[in-house]
Structure formats: C-alpha cells, structure tokens
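Participant: Please find the sequence and the predicted model below.
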Amino acid sequence: MTLKADEFIRRFLLHVLPDRYVRIRHFGLLANRCRKDNMTLCRELLGTHAITKEDVKETWQEQLLRITGIDVFACPVCQTGRMFKIDELPPSRCNSPPVHCR
C-alpha cells in the first residue's frame, strides 16, 4: 500500500499513547493467565491438535542436515569423520577482570 506522508504519519500517531497512559502488554489470546485454555479452544475451533513431543521426532541437527545438507557432527577438517562430545567447558564469568600473564 502506498500512502502520502501526512496519511502515514496520521496512522502512525494513532498507535502513540498520550502522556500518563500505560500500555497493557499482556492482554488477549496469548495472555499468560489464560493462554493454555485459549490455545486449547483455538485448536478445537480450527480442528487441529496440540503439537506434542511425539510429533517432533527430528532434532535440530537432523533438520539442518535434511534441509541444508550441513552436518554439524562432521569433522571440519576431513569432512568424513564424526565429532563426539567428550566434555563440556563451563562458561567463564563475564564480570571477572581479564587475566594478564607476565
């Protein structure tokens, strides 16, 4: 849709709240208080079912391999070997001072 500048600004300013007004962010179908019931009702009305863990059988690694052909477990050097998780490195503290070796 193409609009003139003054019409665009008028429509945009309809979304700006006046001073001292508070925006209600968590309201409607996806409000946290009734989300589960609302989504169940929406699925019933649409004739669909909830997605369960049994429906999702592929991991993200398998999906990436199927869609793009990128194997995240392939060795980056030879592309034929497989990489396995041996150990996990804990994240370092972000707010610690840098270590200087002298």
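Facilitator: That came through, no problem. These numbers were taken from a predicted model, which means no experiment stands behind them.
Participant: so what pLDDT did Lys36 get?
Facilitator: Lys36 is assigned 86 on the pLDDT scale.
Participant: Could you tell me how many residues sit around it?
Facilitator: 10 (other C-beta atoms under 10 Å). For the C-beta atoms, the positions are set from N, CA and C on the backbone; glycine is no exception.
Participant: Could you pull up the residues touching it?
Facilitator: Residues near Lys36 by C-beta atoms under 8 Å, 6 or more residues apart in numbering: none.
Participant: pretty sure Thr80 contacts Asp71?
Facilitator: No. Contact criterion C-beta atoms under 8 Å: Thr80 and Asp71 do not qualify, at 10.4 Å.
Participant: quick one: which of the two has more around it?
Facilitator: Counted by other C-beta under 10 Å, Thr80 and Asp71 do not tie: Asp71 has more neighbours, with 14 against 7.
Participant: how much space between Gln61 and Arg20?
Facilitator: 51 Å (C-beta to C-beta, to the nearest Å).
Participant: So these two - more neighbours on which side?
Facilitator: A count of neighbours by other C-beta under 10 Å puts Gln61 above the other of Gln61 and Arg20, at 12 against 5.
Participant: pretty sure the more buried one is touching Phe73, no?
Facilitator: Yes. At 6.8 Å, Gln61 counts as touching Phe73 under the criterion of C-beta under 8 Å.
Participant: Centroid-nearest residue for the chain?
Facilitator: Centroid-nearest residue in the chain: Trp60, 13.4 Å away (criterion: C-alpha atoms, centre = their mean).
Participant: what separates the longest helix anywhere in the chain from the chain centre, distance-wise?
Facilitator: Ranked by number of residues, the top helix in the chain under DSSP state H is helix 35-46. Its chain's C-alpha centre and that of helix 35-46 lie 21 Å apart, by C-alpha atoms, centre = their mean, to the nearest Å.
Participant: Which stretches in the chain count as helices?
Facilitator: 5-13, 35-46, 60-68.
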